[in-house]
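Participant: coordinates only, no sequence provided:
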């Protein structure tokens, strides 16, 4: 194969080459998959699981637990 060891794939919302430290979206079918930390406002230590904004939008709001929010009157 014609691999020269250089990654030419574009990543992240910024659509730039891989550079610096990156994190992966934990959605298996994420279109971008890998993101530059500064582009997604992340710093060390990284969370155990992380989802990009686009995948979070597709997932919708988190399922609410039992009961109602707020105080009982």
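Facilitator: Cool, got the structure. This structure is a prediction, so every number in the text was calculated from the model and none was measured. Residues are numbered from 1 along each chain as shown.
Participant: got the buried residues for stretch 37-54?
Facilitator: 39, 40, 42, 50, 52 (16 or more other C-beta atoms under 10 Å). In short, each C-beta sits where N, CA and C put it, glycine included.
Participant: quick check, nearest of the residues you listed to residue 10?
Facilitator: residue 39 (12.3 Å; C-beta to C-beta).
Participant: where does this structure dip in pLDDT?
Facilitator: 1-5, 62-73 (pLDDT under 70).
Participant: who touches the residue nearest to the spatial centre of it in this structure?
Facilitator: Compute the mean C-alpha point of the chain, and by C-alpha atoms, centre = their mean the closest residue is residue 52, 2.9 Å away. When contacts are counted by C-beta atoms under 8 Å, 6 or more residues apart in numbering, residue 52 touches 13, 25, 27, 30, 32, 35, 40.
Participant: name the nearest residue to the fifth one, ignoring sequence neighbours.
Facilitator: The shortest distance from residue 32 to any residue that is not its chain neighbour, by C-beta to C-beta, 6 or more residues apart in numbering, is 5.8 Å, and that residue is residue 12.
Participant: same check on the third one?
Facilitator: Once flanking residues are discounted, residue 27 sits nearest to residue 55: 4.0 Å by C-beta to C-beta, 6+ apart.
Participant: isn't there a strand covering that neighbour?
Facilitator: No - going by DSSP: H, G, I helix; E, B strand; the rest coil, the assignment for residue 55 is helix, not a strand.
Participant: could you count how many residues lie near it?
Facilitator: Look at residue 55: counted by other C-beta atoms under 10 Å, it has 17 neighbours.
Participant: kindly report the same for residue 30.
Facilitator: By the criterion of other C-beta under 10 Å, residue 30 has 16 neighbours.
Participant: and the strands in this structure?
Facilitator: Applying DSSP state E to the chain gives strands spanning 10-11, 16-17, 22-24, 34-36.
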